[in-house]
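> Sequence and predicted structure, then a few things I'm wondering about:
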Amino acid sequence: MGLGRTLLFRSFNMFLVLFATLFITVILLGSTFDELQKEAIRNQVIEEVTQGTLKFENSNERSSYINDQIQFRYKISGLDQDSFTPSKLFHRIISVMTLDLGKSHYFTTDYGSSNVRDIIFEKVPKTLLLFTTATICVTVIGIFLGSYVASKEGSWWDKANSTFAIFSNSFPTWWVAMLMIIIFAFTLHIFPARATPLSSPSDPTYFIDLLYHMTLPLITLVIVSFGAWAYIVRYFLINILNEDFIHAKRTMGISRRKILYSHALRNAGPPIATAVGLALAASFGGAIITEAVFDWPGMGKLYYDAIGVFDVPIIIGLTFVSTVLFLITIFITDISYTLLDPRVKGS
């Protein structure tokens, strides 16, 4: 299968998964979303009548006018139809894919917008900044540490790394995060307990402040993950270091360092690239708890808060964006594996 056909096939699969996710989400939350929209329309009409200049002879005329306006706007918005009619489901899925989800009643952007699209797009870069940076740091540390302990199989370093990998993965990230806050925020007073910057986004120093507040969550994610990463790299490399072509290069007098980094690590590239992609995709799923503990102003924290107040438009929008990020990451991982492994390209 050529690269072009591979891209087309992967893109089609990604679209099917995305559509299925949206369909299930809309089915589960569609009726609730309709009720929230109806309530918003009712409140809007009542507010317009209360603050408007229209005069009514009696309360019955006023109530009749309000009911007519509500029913008219229901019809315009399609709320007079059943939540599960095909046309309405299709329209709602298109609305979700374009993040046309109206306004949130509980959240606003830093600039005061209550539009769901604006709120989500403000949070996405911060989640990507934290978890992509953490994944890059973990990958770099894991590759170098894993390569080192793989070259010293059975040594004290190798055993220590394996032990640390087991311990670091045995504790939940949120528990380690709370320990880090207690130690570095409340005891040593090095980092702030809350990762939300205190300065305004319009402040020229806001990005520096954001990076400073990101330091403790970043260190926590790296500490929790780099041991396991080093162990994974070690596993891949040890298997390759026992291959016949590696023994042949040793007999040719090639240095151990060159064999390790130029030959063994290059052959371990495809599975390592796959592991990087899967780790990055999985990290977005764990963003909810991690960001909630540190109060990092990203998608995960917004998801956590939206679930608490049952803000359905925000929940649906974040589900869509999270799915898209996950699928894009998996797509890039698949293509990277195809480019790195000639056996995949030739199959």
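Thanks, I have the structure now.
> Local confidence estimate at A193?
On pLDDT, A193 comes in at 89.
> can you check the one 3 residues further on too?
With respect to pLDDT, T196 scores 87.
> quick one: contacts for it?
Taking C-beta atoms under 8 Å, 6 or more residues apart in numbering as the criterion, T196 is in contact with 213, 295-297. Using the backbone N, CA and C atoms, a C-beta is placed for each residue, glycine as well.
> which one of the residues you listed has the most neighbours?
Highest neighbour count within the contacts of T196: W296, with 27 neighbours (other C-beta atoms under 10 Å).
> Check which helices and strands the longest helix along the chain sits against.
When the chain is parsed with DSSP state H, its longest helix is helix 3-51. Helices and strands touching helix 3-51, by 3 or more C-beta pairs under 8 Å, 6 or more residues apart in numbering; DSSP states H and E, are helix 59-77, helix 86-97, helix 312-340.
> Quick check: mean pLDDT of it?
80.
> and the angle from it to helix 59-77?
On the basis of axes from the mean of the first three to the mean of the last three C-alpha atoms, to 10 degrees, helix 3-51 is oriented at 170 degrees to helix 59-77.
> Helix 3-51 relative to helix 312-340, how many degrees between them?
Going by the same axes, to 10 degrees, helix 3-51 makes 170 degrees with helix 312-340.
> so how far is helix 3-51 from its chain's centroid?
From the chain centre to the centre of helix 3-51 is a distance of 18 Å (C-alpha atoms, centre = their mean, to the nearest Å).
> Near W174, how many residues? Count them for me, please.
Neighbours of W174 (other C-beta under 10 Å): 16.
> quick one: contacts for it?
289-290, 292-293.
> in those residues, which two residues are the furthest apart from each other?
T290 and A292 (7.3 Å; C-beta to C-beta).
> So for those two, which sits in the more crowded spot?
T290 (27 against 18).
> Leaving out chain neighbours, which residue sits closest to the more buried one?
Spatially, and ignoring its direct neighbours in sequence, T290 is nearest to T173 (5.6 Å; C-beta to C-beta, 6 or more residues apart in numbering).
> For that neighbour, give its distance to T21.
25 Å (C-beta to C-beta, to the nearest Å).
> where does the chain dip in pLDDT?
Applying pLDDT under 70 to the chain flags the ranges 1-3, 285-286, 338, 340-347.
> Among the contacts of T196, which are located in strands?
Among those, none falls in strands (DSSP state E).
> ok, these vs F131, which is closest?
Among those, and counting by C-beta to C-beta, the member closest to F131 is W296, at 9.8 Å.
> what about the residue lying closest to the closest one once chain neighbours are set aside, which SS state?
Nearest residue to W296, sequence neighbours excluded (C-beta to C-beta, 6+ apart): A195, at 4.2 Å. When classified by DSSP: H, G, I helix; E, B strand; the rest coil, A195 comes out as coil.
> just use 512 as the starting number from now, easier for me
Done: numbering now begins at 512, and the last item shifts to A706.
> Give me the neighbour count for A706.
Neighbours around A706, by other C-beta under 10 Å: 26.
> what do you get for the one 4 residues further on?
Residues within reach of S710, counting by other C-beta under 10 Å, total 14.
> Please look at it and D720 and confirm they touch.
Yes - look at S710 against D720 with C-beta atoms under 8 Å: they come within range, at 4.7 Å.
> Please, which helix or strand holds the spatially most central residue of the chain?
Central residue of the chain (C-alpha atoms, centre = their mean): F795, 2.9 Å from the mean position. Here F795 sits within helix 780-796, counting by DSSP states H and E.
> Can you classify the residue with the largest distance to the centre of the chain as helix, strand or coil?
Residue farthest from the centre of the chain, counting by C-alpha atoms, centre = their mean, is E568 at 55.7 Å. Assigned state for E568: coil (three-state reduction, three-state DSSP).
> how near is it to S574?
E568 is 12 Å from S574, by C-beta to C-beta.
> Likewise for T674?
Distance from T674 to S574, by C-beta to C-beta: 73 Å.
> Checking S711 next. Helix, strand or coil?
coil.
> Quick check: buried residues in stretch 778-793?
778-779, 781-788, 790-792 (16 or more other C-beta atoms under 10 Å).
> would you put the C-alpha positions of that stretch in PDB?
The C-alpha coordinates for stretch 778-793 follow below in PDB (Å, rounded to 0.1, in the frame of the first residue of the first chain):
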ATOM      1  CA  ASN A 778      16.300   0.500  14.500                       C
ATOM      2  CA  ALA A 779      14.300   1.100  17.600                       C
ATOM      3  CA  GLY A 780      12.900   4.300  16.100                       C
ATOM      4  CA  PRO A 781       9.600   3.000  14.800                       C
ATOM      5  CA  PRO A 782       8.300   1.400  18.100                       C
ATOM      6  CA  ILE A 783       9.700   4.400  20.100                       C
ATOM      7  CA  ALA A 784       7.800   6.900  17.800                       C
ATOM      8  CA  THR A 785       4.700   4.800  18.300                       C
ATOM      9  CA  ALA A 786       5.100   4.900  22.000                       C
ATOM     10  CA  VAL A 787       5.600   8.700  21.900                       C
ATOM     11  CA  GLY A 788       2.400   9.200  20.000                       C
ATOM     12  CA  LEU A 789       0.400   6.900  22.200                       C
ATOM     13  CA  ALA A 790       1.800   8.600  25.400                       C
ATOM     14  CA  LEU A 791       0.900  12.000  24.100                       C
ATOM     15  CA  ALA A 792      -2.600  10.900  23.100                       C
ATOM     16  CA  ALA A 793      -3.100   9.300  26.500                       C
END
